[in-house]
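J.: Model the following, please.
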Amino acid sequence: SIYYPQEQLIHPDCSNKEDSNDCLYDLMEKEVFKLLNQKKKLNLLKKIKKDTLSINLTILVNANGKIIKESSYFRINAKKLNEKSKSSLNGVIRALPIFKILNRKTAPVISKHFLNFQYAILRAHDEIKLEPIKTQKKYTGGTIEETPIFPGCENLSDTEATACFHKKMKNHIKYHFKYPSQAVSQGISGKVYTIFSISQTGKVENIRVRGPHLLLEREALRILKFLPDMIPGKRNGDPVKVPYSIPITFTLNKKTP
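T.: Predicted coordinates for the structure are as follows:
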C-alpha cells in the first residue's frame, strides 16, 4: 500500500525514545507554547472571544529529511495572532533539524506531516494565560492527500489532476454562465464568492454564495448546481469531504447582451 505503513519523521532528540511520535509531538508543543506564552503575544488574545486556541503545523521534508521551508507552515485560528506570529513560527520551522525518515514514500507520492495543538485561553483579572489541552489527535505519521478529481481528469498525477480540475471548473463556469438580464438593465456587476464541499461520495454539496446583489448570487448558485459528481478526495486512502472556494466575476461591458 502507498498509504501504510505511514512515513515517519524521527527527530534527533527522539531517536532513543520508546515512542518517537509522541516525543516529536511533545517537543513541538513545548516550542509553540513557549512562543505563544510571551506577554506581547498574550496581549493579542485579550480581544479574542474564543475560549480555545488551535494551532496546526504542516511539515514537508525532502528525501534527505531536510525541511522544505516553502511548503511547511503554521496556522492559528486567531487571525490577528496568526499574522503577528507568522515570522516567529516560521523561525521555529527553520530551526528544525534534519529528520531521519522511516517508510519514505517515493515520488510522485507526497507525505504531509500534520501536528495539531490546542490551548485553553484563561482570563483572570485582565490577565491572559494559555494552558495546553491534551488532544487525542496525536501525530501518527505522514498523511497522503489526494484531491477530488473532475470527470475527464482521471489517471493523472496529483499536480496534473489539480491543474485539470481548475481548468474544467473554469470551462464549466464559462459554458453555463448567463448574465442575468435584470442585472444588465440595472447595471449590477461585481464578484460573487462561492463556497461548497465535495462529499465523501463525490457530490457537490452545501453551496453558499455571497455577492453584491441577489441576482448575481442566484446565477452563481445556478451554475454550481450543474456541477457533475466527482471522484472524492482521499486522506490515506479514505474518502473525505473537501471544501472549495471559487469566485465568479460578473463584469458589464459593451459585449454584454
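
J.: lowest-confidence helix or strand of this protein?
T.: Within the chain, no helix or strand scores below helix 39-43, which has a mean of 83 by mean pLDDT, DSSP states H and E.

J.: How about residues contacting that helix?
T.: For helix 39-43, contacts defined as Cβ atoms under 8 Å, 6 or more residues apart in numbering pick out 35-36, 81, 84-85, 128-130. For the C-beta atoms, the positions are set from N, CA and C on the backbone; glycine is no exception.

J.: out of those residues, which are inside helices?
T.: Residues of the contacts of helix 39-43 located in helices (DSSP state H): 35-36, 81, 84-85.

J.: mean confidence score for the strand or helix carrying Ser87?
T.: If you go by DSSP states H and E, Ser87 is part of helix 79-94. Averaging pLDDT along helix 79-94 gives 92.

J.: and that helix, what does it pack onto?
T.: When contacts are defined as 3 or more Cβ pairs under 8 Å, 6 or more residues apart in numbering; DSSP states H and E, helix 79-94 sits against helix 20-36, helix 39-43, strand 73-76.

J.: Assign Tyr3 to helix, strand or coil.
T.: coil (DSSP: H, G, I helix; E, B strand; the rest coil).

J.: Please name the residues that touch it.
T.: Tyr3 neighbours (Cβ under 8 Å, 6+ apart): 144, 236-237.

J.: Scan these and report the most crowded one.
T.: Ile144 (20 neighbours; other Cβ atoms under 10 Å).

J.: and that one, what pLDDT?
T.: For Ile144, pLDDT reads 96.

J.: if I read this right, it contacts Arg235, doesn't it?
T.: Yes: using Cβ atoms under 8 Å, Ile144 makes contact with Arg235 at a distance of 7.4 Å.

J.: ok, then the element right after the helix holding Ser87?
T.: strand 100-102.

J.: who does that next one touch, helix- and strand-wise?
T.: Looks like strand 100-102 contacts strand 8-10 (3+ Cβ pairs under 8 Å, 6+ apart).

J.: switch to 6 Å and redo it
T.: Using 3 or more Cβ pairs under 6 Å, 6 or more residues apart in numbering; DSSP states H and E as the contact test, no helix or strand touches strand 100-102.

J.: List of residues touching it?
T.: The contact list for strand 100-102 (Cβ atoms under 6 Å, 6 or more residues apart in numbering) reads 8, 10, 65.

J.: Tell me who's in contact with the last one.
T.: The contact partners of Gly65, by Cβ under 6 Å, 6+ apart, come to 98-99, 101.

J.: Next: the second one.
T.: For Ile10, the contacting residues are 20, 99-100, taking Cβ under 6 Å, 6+ apart as the criterion.

J.: Good, we can wrap up now.
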